[in-house]
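Q: turn this into a model:
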Amino acid sequence: FQNSEEASAKTLKGIHQEQHSLLTFNGALFDTKFKAMGLLQDSQGIAHPKGSSQLMNGVFFIASKITEFGGHFGVGISHLDNLLKDDKAFMIQNGPILLDYYGKIVITKDTQKMAARTALGVDNEGNVVLIILHQDLLNTDNAISLYQFAHLLSEDDFFSAMGLHDVLNLDGGPSTGVVVGDRYLPELSPVQNAVFVVPRAS
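A: Modelled structure (predicted):
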């Protein structure tokens, strides 16, 4: 889902209710003019072309055919340079990639830029995992640098037991928000694009 204008942007909760979704969360980076910065594609086609920012080096995809890609069946995270587009029904470009295919940390420098964070990854059973480090107006402590985030996902007992790999950072900071069922952790500023999950068609 894309909001076209910041002034009239629907909240994640509004998008969630409108789409009757199971899960809704903030998507990829956008610029100060409220325009997407990277590749966005859904079943209707390409909504925004590929971006050139070195920071946005990864793509989360869902394939239109259930075939194996890099150890995952129909869904995964790819480095932008390795992306094969022919049969991807859904793609969202962002970055940086935090953990590679083998679960190794990719971020080598700590910029000390602290923010709330959102990421998508794959666990050791092939499930897609959403990780949210959320802040609100009453709790601004839940901020972390990308370097610290990558080390947390790799070294923390809870996350390491999941065997996370192919972890892609999404837009964070005040954009970070999520709706699961009736529970809403609100974003602190409007988001240009959001990802929502609906039940599989029968």
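
Q: so what's the residue nearest the centre of the chain up against?
A: By Cα atoms, centre = their mean, the mean C-alpha position of the chain lies nearest to Leu170, the distance being 3.9 Å. By Cβ atoms under 8 Å, 6 or more residues apart in numbering, the residues touching Leu170 are 25-28, 92, 94, 118-120. Yep, even glycine has a C-beta here, placed from its N, CA and C like the rest.

Q: list the helices and strands the helix of greatest length in the chain packs on?
A: Looking across the chain with DSSP state H, the single longest helix is helix 146-155. Counting by 3 or more Cβ pairs under 8 Å, 6 or more residues apart in numbering; DSSP states H and E, the packing neighbours recorded for helix 146-155 are strand 97-99, strand 117-122, helix 157-162, strand 165-169.

Q: just the pLDDT for His79.
A: The model reports His79 with a pLDDT of 89.

Q: can you tell me how far it is from Phe60?
A: Distance of His79 to Phe60, given as Cβ to Cβ, to the nearest Å: 12 Å.

Q: so which of these two has more stuff around it?
A: Each of His79 and Phe60 has its neighbours counted (other Cβ atoms under 10 Å); Phe60 has more, 24 against 16.

Q: contacts for the helix or strand where the more buried one lies?
A: Using DSSP states H and E, Phe60 falls within strand 58-63. The list of residues contacting strand 58-63 from outside it, by Cβ under 8 Å, 6+ apart, reads 39, 69, 74-80, 83, 87-97, 120, 168-169.

Q: kindly recompute the last result at 6 Å.
A: Strand 58-63 is contacted from outside by 74-75, 77-80, 83, 87-93, 95, 97, 120, 168, using Cβ atoms under 6 Å, 6 or more residues apart in numbering.

Q: which of these fall in helices?
A: Among these, no member is found in helices (DSSP H).
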